[in-house]
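Q: I need the structure of the sequence given here:
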Amino acid sequence: MTDLKISIIQSNLFWENIEANLAHFEEKMWAIQDDIDLIILPEMFSTGFTMNVERLSEPPNFKTFRWMLQMAGQKKAVIMGSYIVKESNNYFNRLYAVYPDETFRYYDKKHLFAFGKEQDFFEPGEEKTIVTIKGWRVCPLICYDLRFPVWSRLKSNGPDFYEYDVLVYVANWPKMRVNAWDILLSARAIENQSYCIGVNRIGVDGNNLEYPGHSGVYDYSGVQQKYLGAKATTLITVLSKENLDLFRSNFPFQKEADSFIFL
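A: Sure thing, here's the model as predicted:
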């Protein structure tokens with residue numbers, strides 16, 4: 001299996017302005033000169049973390065989704081990020097992974113942020129999604145999901161004991177709790193023996209909440225490999241499957257993992 005080349009875009013967001021955010025991220029993507037397998041955007045990348053769902057939600061296969069299709073085809077990369085989707089009169093914080101061939105997978109945020117009243121406006125997702133890219137298995141999750149280790153916990157996937165190879169968290173994680181963000185990204189990598197990638201935004205939103213960035217890439221032992229700090233920047237990194245497989249082979253901790261089911 002070949003290595004996986006990933007680009008993370010850490011940026012400020014234009015508050016509740018879909019057109020401005022799509023144009024902004026399109027410019028950022030076109031500035032990437034490398035051939036990339038996966039481009040990751042923050043949570044609610046087209047609006048910021050807003051509860052203004054009636055005005056800003058979109059049905060499936062509408063403006064933002066079609067933009068993701070277009071960018072995936074043009075960049076020949078999987079585009080991943082979440083935005084507000086309305087389906088059957090319900091609203092979802094939905095992450096899409098859109099492929100260059102116009103196929104896609106999606107994940108609806110499971111753990112809604114009660115402190116921000118997210119549960120008053122959105123319906124929770126019910127299951128994880130595993131996205132396959134060049135043979136890599138990627139598990140995308142959203143922001144508050146990071147605090148719940150059971151939800152991200154690996155399940156046995158046949159003889160190799162691994163359901164996925166990479167955890168991805170897209171987020172609008174505020175500055176006042178950034179210490180938890182940094183620690184938990186490393187913890188999720190350690191306990192699942194997987195790469196773990198966190199993609200956060202920067203800037204101040206319409207609710208006067210400040211976001212510090214701190215996007216980063218952690219390896220299968222929890223060591224921080226890449227760190228973006230608080231600047232608007234685009235990171236390119238390469239994940240090694242050979243190194244991951246060697247680590248898992250040398251330290252097969254998952255064979256002793258507790259089995260469990262969700263009730």
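
Q: a helix runs through Tyr106, doesn't it?
A: No: checked against DSSP: H, G, I helix; E, B strand; the rest coil, Tyr106 lies outside a helix; its state is strand.

Q: and the gap between it and Thr129?
A: 7 Å (CB to CB, to the nearest Å). In short, each C-beta sits where N, CA and C put it, glycine included.

Q: list the residues that contact both of the two?
A: Ala97 (CB atoms under 8 Å, 6 or more residues apart in numbering).

Q: out of those two, which sits in the busier spot?
A: The neighbour comparison of Tyr106 against Thr129 (other CB atoms under 10 Å) goes to Tyr106, with 18 against 15.

Q: for that one, what are its contacts?
A: Arg94, Leu95, Tyr96, Ala97, Thr129.

Q: sec struct for the third one, please.
A: Classification of Tyr96 into helix, strand or coil gives strand, according to three-state DSSP.

Q: since we're on it, how many residues are nearby?
A: Tyr96: 23 neighbours (other CB under 10 Å).

Q: nearest residue to it other than its sequence neighbours?
A: Tyr106 (4.9 Å; CB to CB, 6 or more residues apart in numbering).

Q: And the one you found, how far from Leu239?
A: With CB to CB as the criterion, Tyr106 and Leu239 are 22 Å apart.

Q: cool, Met71 as well?
A: For Met71, the distance to Leu239 - CB to CB - is 21 Å.

Q: secondary structure element for Gly81?
A: strand 78-87 (DSSP states H and E).

Q: Next, the residues that contact that strand from outside, please.
A: Against strand 78-87 from outside (CB under 8 Å, 6+ apart): 37-47, 50, 53, 56-60, 64, 68, 71-72, 91-100, 109, 131, 133, 140, 142, 168, 170.

Q: Show me which residues of it are buried.
A: Using 16 or more other CB atoms under 10 Å as the burial criterion, the residues of strand 78-87 that qualify are Val78, Ile79, Met80, Gly81, Ser82, Tyr83, Ile84, Val85, Lys86.

Q: Next, format those as TSV and append pLDDT and distance to Trp30.
A: Below are these laid out as TSV (pLDDT from 0 to 100; distance: CB to CB, whole Å):
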residue	pLDDT	distance to Trp30
Val78	98	17
Ile79	98	13
Met80	98	17
Gly81	98	16
Ser82	98	22
Tyr83	98	20
Ile84	98	25
Val85	98	25
Lys86	98	29
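
Q: Can you say which two of the residues you listed are spatially most distant?
A: Greatest spatial distance among the buried residues of strand 78-87 (CB to CB): Val78 and Lys86, at 24.0 Å.

Q: will you turn the contacts of Tyr106 into JSON lines that also has pLDDT and distance to Trp15?
A: Formatted as JSON lines, the contacts of Tyr106 follow (pLDDT from 0 to 100; distance: CB to CB, whole Å):
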{"residue": "Arg94", "pLDDT": "98", "distance to Trp15": "20"}
{"residue": "Leu95", "pLDDT": "98", "distance to Trp15": "20"}
{"residue": "Tyr96", "pLDDT": "98", "distance to Trp15": "21"}
{"residue": "Ala97", "pLDDT": "98", "distance to Trp15": "25"}
{"residue": "Thr129", "pLDDT": "96", "distance to Trp15": "28"}
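
Q: between these, which is closest to Leu185?
A: Nearest member of the contacts of Tyr106 to Leu185, counting by CB to CB, is Leu95, at 16.9 Å.

Q: Would you check how far apart the nearest residue to the closest one once chain neighbours are set aside and Leu41 are?
A: What sits nearest to Leu95 in space, not counting adjacent residues and going by CB to CB, 6+ apart, is Ser82, at 4.0 Å. With distances taken as CB to CB, Ser82 is found 8 Å from Leu41.
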